[in-house]
Each structure stands twice: as structure tokens, then as C-alpha cells.
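J.: Starting from these lines, generate the structure:
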Amino acid sequence: MNTVKLTMLNLHVWCMLLDWGLTVFAVPFLLFPAMAGIPLGIWTSVFGISAFVQCYFIVTWIYTAGIGIALIFENRYYHISGRNGVWRQYRVPFIVLNYFLNITFLIPAMSKIPKQTGALKLVFEQLPSLSAEIKTYPIYVLSNEYFWVLFPFYFMAVLVIGESFVFCGLIYRNLNSNYGITRSRNTTTLQKKFLRAMYSQVAVLVFSFVFPALYVTFAIIFNYYNQSGNNIVFIILALHGISSTVVMLWAHKPYRTVCCKLAEKLQLRVKLRNIPQERRLPRIVISVVS
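T.: Residues are numbered from 1 along each chain as shown. So this is what the prediction gives:
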């Protein structure tokens with residue numbers, strides 16, 4: 001765990017920011033199949049941040065969390081066999097390129113944002129069943145052209161998922177070949193156990209993001225509007241934080257052990273505070289007079 005703890009911390013920080021962004025900061029109310037939505041969070045109501053900036057941060061954080069997972073598998077591959085090979089030379093450029101693409105991949109979509117007045121008319125024509133109440137809110141239209149939005153989105157998704165699968169394959173090959181010969185059986189077992197725990201976390205992330213992405217793709221292709229379905233998509237995304245935390249505590253024994261110890265200490269402090277003052281043992285002060 002020592003060689004991967006910073007990489008895991010990186011993933012948890014971005015997942016935490018993403019969850020706060022979805023449930024507190026931005027709280028997007030989506031209107032698929034239109035590329036439009038309504039920000040309902042404190043970024044709008046308290047700080048007055050534009051929907052343009054909110055959209056950039058939320059989407060970027062989604063893919064930053066995905067890159068964090070890919071980098072965990074890269075970290076395992078590097079420490080298992082990559083640091084003694086040619087990968088050591090390409091590791092830093094690989095990480096820098098991933099984050100560079102993550103920062104810039106939205107530029108094509110952001111550069112094509114239409115004028116909101118005309119774009120809103122097209123949205124209302126596309127969604128004739130949109131309720132009058134929703135129309136009173138400040139709807140923000142990201143684009144009326146699907147290509148400039150969907151292509152960079154799917155490009156980054158394929159890139160991150162592809163990288164994760166490549167590193168998983170390399171790790172599996174090395175754990176079942178020369179790594180098992182040069183390392184003890186206990187070390188190999190621990191590596192495999194850690195990877196199984198990571199697979200569980202990845203499964204939660206896949207469920208939280210891939211299924212909503214499939215629904216959005218379906219809605220866009222068939223021009224299907226169902227506000228209940230859009231709300232369920234957001235609920236699934238928002239539940240990622242609690243589900244990922246539960247799986248992390250269940251799968252990673254070191255985290256579970258530390259959290260149990262902290263809970264025991266907190267429980268003990270609460271019990272001590274609830275004990276009446278007269279029932280507590282008196283302090284014994286010994287003074288030495290010379």
C-alpha cells in the first residue's frame with residue numbers, strides 16, 4: 001500500500017470534488033436529448049458563477065476521476081515490472097499527456113457554444129412536452145450540434161477505459177509469469193488481493209458513469225425525452241460517492257482497520273462526555289515540597 005497510497009489519495013480527492021460538484025456546487029438538472037440543463041447548486045444561487053464555467057469543471061472532474069483509476073493500474077504495473085524496463089522513460093510524459101488532454105478536450109465544444117436566445121428556441125422545438133415551469137428557469141444550452149460535444153466526450157472515455165484495460169492486461173500477464181518467480185508467494189498474493197479490491201471500485205465507477213452514458217446515447221439517437229429518466233441518471237451519478245466509499249472500506253482492509261479504530265476512539269470520547277461529573281474518578285495531584 002505504501003507505493004500506491006498517493007495515487008489512491010489523488011483518486012479519492014477528485015472523486016470527492018466530483019461528488020460535491022454534482023450534489024452541492026452545480027446540481028445540474030439535465031434536459032437530454034437536448035444538450036442543455038439548469039444549474040441549481042450554490043455556485044449559481046450563492047456565488048453567481050456562470051453555467052459555462054460550471055459545465056467545464058463538472059465534466060473535467062468526471063474524466064479526472066477516470067484518469068485517477070487508470071493511473072492506479074499504471075502505478076501497479078510500474079512497481080511490479082515497469083520500473084526496470086523502457087516504460088520508466090515514458091511514464092511521466094504519459095501522465096502529463098493525460099492531464100493535458102483532460103484540461104483541453106472540452107475546447108472544441110466550448111468554442112461552439114451558441115447564442116442562448118436562438119439556441120433556446122431550438123430546444124423548445126426539440127422538446128415540445130417541456131413543462132412551463134421548467135421553461136421559467138435559466139436554461140443553459142451547451143450546443144445544438146451533437147458532434148462537437150459527443151466526439152470529445154467519447155474520445156476521452158475510450159482513451160481512459162482503454163488505458164485501464166491495457167494496464168490490467170499487463171499486470172495480469174506479469175503476475176502470472178516472471179513476477180511470481182522473482183517474488184515470494186505472499187507478495188504475489190497481496191498484489192492480486194489489492195487488484196481484486198481495485199476491480200471492485202472500478203465496477204462501481206463503471207456502473208455510475210457507463211450506464212448513464214448509455215442512456216444519454218440512447219436518448220440522443222432516438223430523440224427520446226423523459227425527465228424522470230434524466231433525473232434517474234443524475235441520481236445514479238450522485239450516488240457514486242457513497243457507493244465508492246462503502247466498496248473502498250469493504251475491499252481495502254487497511255482503510256477499514258483505520259476507520260474502525262477512529263470510530264472506537266470517537267465512541268469512547270462520547271461515552272466519557274456523557275458520564276456525569278460526580279461519577280468520574282477524581283484527579284490525584286501530588287506535589288513535592290523540597
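
J.: And the strands in this structure?
T.: 28-30, 35-39, 140-143 (DSSP state E).

J.: Quick one: closest of those strands to residue 237.
T.: Set against residue 237 and scored by C-beta to C-beta, the strands of the chain come closest in strand 28-30, at 9.1 Å. Using the backbone N, CA and C atoms, a C-beta is placed for each residue, glycine as well.

J.: Pull up the pairing partners for the closest one, direction included.
T.: strand 35-39 (antiparallel) (DSSP bridges).

J.: Just the C-alphas of the partner strand, formatted as PDB.
T.: Extracted C-alpha coordinates of strand 35-39, given in PDB (Å, rounded to 0.1, in the frame of the first residue of the first chain):
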ATOM      1  CA  MET A  35     -27.500  19.500 -24.800                       C
ATOM      2  CA  ALA A  36     -29.000  21.700 -22.200                       C
ATOM      3  CA  GLY A  37     -29.600  21.900 -18.500                       C
ATOM      4  CA  ILE A  38     -30.200  24.100 -15.400                       C
ATOM      5  CA  PRO A  39     -27.600  24.600 -12.700                       C
END
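
J.: Now do the buried residues in it.
T.: The neighbour-count check on strand 35-39 (16 or more other C-beta atoms under 10 Å) flags 35-39 as buried.

J.: which residues touch that strand?
T.: Residues from elsewhere that reach strand 35-39, judged by C-beta atoms under 8 Å, 6 or more residues apart in numbering: 26-31, 51, 54, 119, 123, 134, 137-144, 146, 149.

J.: Buried members of those residues into ChimeraX, please.
T.: Filtering the contacts of strand 35-39 down to the buried ones (16+ other C-beta under 10 Å) takes a single ChimeraX command:
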select :26,27,28,29,30,31,51,54,119,123,139,140,141,142,143,144,149
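
J.: can I get the strands of the chain in JSON lines with mean pLDDT and distance to residue 79?
T.: Shown next, in JSON lines, are the strands of the chain (pLDDT from 0 to 100; distance: least, C-beta to C-beta, whole Å):
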{"stretch": "strand 28-30", "mean pLDDT": "93", "distance to residue 79": "38"}
{"stretch": "strand 35-39", "mean pLDDT": "94", "distance to residue 79": "41"}
{"stretch": "strand 140-143", "mean pLDDT": "92", "distance to residue 79": "40"}
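
J.: so can I have TSV of the ones you listed showing distance to residue 129?
T.: Converted to TSV, the strands of the chain look like this (distance: least, C-beta to C-beta, whole Å):
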stretch	distance to residue 129
strand 28-30	15
strand 35-39	14
strand 140-143	18
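
J.: Quick one, which of those gets closest to residue 77.
T.: strand 28-30 (35.2 Å).

J.: so which of the strands of the chain comes closest to residue 175?
T.: strand 28-30 (40.7 Å).

J.: Could you list the low-pLDDT ranges of the stretch 101-250 of the chain?
T.: Within the stretch 101-250 of the chain, the segments meeting pLDDT under 70 span 177-184.

J.: Neighbours of the residue lying closest to residue 208 once chain neighbours are set aside, how many?
T.: Closest residue to residue 208 apart from its sequence neighbours, by C-beta to C-beta, 6 or more residues apart in numbering: residue 240 at 3.8 Å. Using other C-beta atoms under 10 Å, residue 240 has 22 other residues around it.

J.: residues contacting residue 240?
T.: So residue 240 contacts 15, 18-19, 22, 204-205, 208-209 (C-beta under 8 Å, 6+ apart).

J.: Ranking by neighbours, what's the top pick from those?
T.: Neighbour counts for the contacts of residue 240, by other C-beta under 10 Å, peak at residue 18, which reaches 25 neighbours.

J.: check contacts around the residue nearest to that one when sequence neighbours are not counted.
T.: Nearest-residue entry for residue 18: residue 61, 4.2 Å, with adjacent residues in sequence omitted and distances by C-beta to C-beta, 6+ apart. Counting by C-beta under 8 Å, 6+ apart, residue 61 touches 14, 17-18, 21.

J.: same deal with residue 65?
T.: Going by C-beta under 8 Å, 6+ apart, residue 65 touches 11, 14-15, 18, 205.

J.: Tell me the confidence at it?
T.: Per-residue confidence (pLDDT) for residue 65: 88.

J.: Regarding residue 81, what are the backbone dihedral angles?
T.: phi -150, psi -20 (degrees, to the nearest 10).

J.: ok, so what distance separates residue 237 from residue 23?
T.: As judged by C-beta to C-beta, to the nearest Å, residue 237 and residue 23 stand 9 Å apart.

J.: More neighbours: which of these two?
T.: A side-by-side neighbour count of residue 237 and residue 23, using other C-beta under 10 Å, places residue 237 first with 21 against 16.
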